[in-house]
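> give me a model of this one.
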Amino acid sequence: PTTRMRTVVCLAKMAEVTISGWLDKRGGIDASKKWKKRWCIMSDSTFRYYRSDSDNTPAGTIFCEDIQSISEDKEKDGGKYGFIFRILTKGREYVFNAATSEKRSEWMKSIKWLLDAKRGVPETPAVKYVTVELFFNKGVRVSGEISRVIKAQILANNCSPLLDEKGWYVDNPLSHTSVLNLFTQHGWNLATAFQSNSIPPNSTSTVPSDMLIFTHPHSS
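Residues are numbered from 1 along each chain as shown. As a prediction, this is how the structure comes out:
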């Protein structure tokens, strides 16, 4: 299957890249595990991989802010492993391979471009981003800067949110609709929403979650 790519440059000089296609992924964190074909999508600051291109829930999600580096492994180029590239994050290394050198270059170029844009400091920032993750029947995790009013309503009577590497979490099982209404009432726009699986800070098990990404114009 061909790889599809679309690029949009935002007013804030922040690049949002969408690219999707089939890649082989080496299973888990064990280098001895077998390669498995995965449908991969990079958009809205996340790299998501699925067992099938018809699945709605990703098998895994890599957050842009967690990526430390991306590199290619040219020593094994063209062999039975295809064309390998590695994504190093704070917690682990992900290993993928593409069918051709050109496809690998396309993926790496797109990811690097997004990382460079996210890590750059625009002269006149116009848009800010917030990620809200709703864990089914559990709580809410927020990553990004929000107003005290919104934060107070999310916290409700819980004054001690749990902090982790992705933001802060509170045991307040808010609905998708209530969060959407709360943010839109305060000038935020929903950029995208998708289903995922993640581990809340107060748990050791992966649970289903809804990921909402909002944008808001910076005050002048």
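
> contacting residues around the most centrally placed residue in the chain?
Centroid-nearest residue in the chain, with Cα atoms, centre = their mean: T46, separated by 2.3 Å. Applying Cβ atoms under 8 Å, 6 or more residues apart in numbering to T46 gives the contacts T61, I62, F63, C64, M211. For every residue, glycine as well, the C-beta is placed using N, CA and C.

> quick one, which of those residues are buried?
T61, I62, F63, C64, M211 (16 or more other Cβ atoms under 10 Å).

> roughly how far apart are the nearest residue to the third one once chain neighbours are set aside and W22?
Across the structure, with Cβ to Cβ, 6 or more residues apart in numbering as the measure, the residue nearest F63 apart from its sequence neighbours is T46 (5.8 Å). Here T46 is placed at a distance of 18 Å from W22 (Cβ to Cβ, to the nearest Å).

> contacting residues around the nearest residue to A156 once chain neighbours are set aside?
Spatially, and ignoring its direct neighbours in sequence, A156 is nearest to N172 (5.2 Å; Cβ to Cβ, 6+ apart). With Cβ under 8 Å, 6+ apart as the criterion, the residues that contact N172 are G139, V140, I154, L155, A156, N158.

> how much space separates N172 from R148?
Taking Cβ to Cβ, one finds N172 at 16 Å from R148.

> next: L182.
L182 is 13 Å from R148, by Cβ to Cβ.
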